[in-house]
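In: output the structure for:
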Amino acid sequence: MDFDLSKQQEMIRKEVRKFAEKEIAPVAAELDETETFSSKLTKKMGEIGLFGMFVSDKYGGQALDYISYIIAVEEVARVDGSQAATVAAANSLGIGPIYYFGSEEQKKKYLPKLS
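Out: The predicted structure is shown next:
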């Protein structure tokens with residue numbers, strides 16, 4: 001069994017790490033201290049594709065594997081656990097149930113907006 005990451009997974013790790021260090025790290029302490037949720041930061045995470053990572057491109061997702069998704073969560077968590085929880089919750093608790101158990105109508109209506 002090969003446990004090495006693929007080139008694509010390594011690229012995801014590198015890019016998400018760079019994003020987390022540039023965009024999240026400078027504001028993480030302040031957000032934590034003020035108990036503030038940043039919708040602006042969440043929007044930026046969405047813009048780089050952190051939501052809907054495992055959703056097929058048919059519904060606006062990135063059609064990536066779960067390892068890539070976990071790598072992204074892990075890299076965000078290196079910098080800020082709260083932001084990682086946002087990514088994980090949005091994907092696993094929000095998007096996942098619609099993707100796996102929603103009707104075709106629900107998938108077409110909601111997933112492109114969430115991914």
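In: packing partners of the strand or helix carrying Val16?
Out: Assigned by DSSP states H and E, Val16 belongs to helix 7-19. Contact partners of helix 7-19 among helices and strands, from 3 or more Cβ pairs under 8 Å, 6 or more residues apart in numbering; DSSP states H and E: helix 66-79. From N, CA and C alone the C-beta is placed, and that goes for glycine too.
In: hmm, who's touching the helix holding Val16?
Out: 5, 44-45, 48, 50, 64-65, 67-68, 71-72, 75-76, 78 (Cβ atoms under 8 Å, 6 or more residues apart in numbering).
In: quick one: contacts for the residue positioned nearest the centre of the chain?
Out: Computing the C-alpha centroid of the chain and ranking residues by Cα atoms, centre = their mean puts Leu50 first, at 2.7 Å. For Leu50, the contacting residues are 16, 72, 76, 87, 91, by Cβ under 8 Å, 6+ apart.
In: and the two most separated of these?
Out: Val16 and Asn91 (13.2 Å; Cβ to Cβ).
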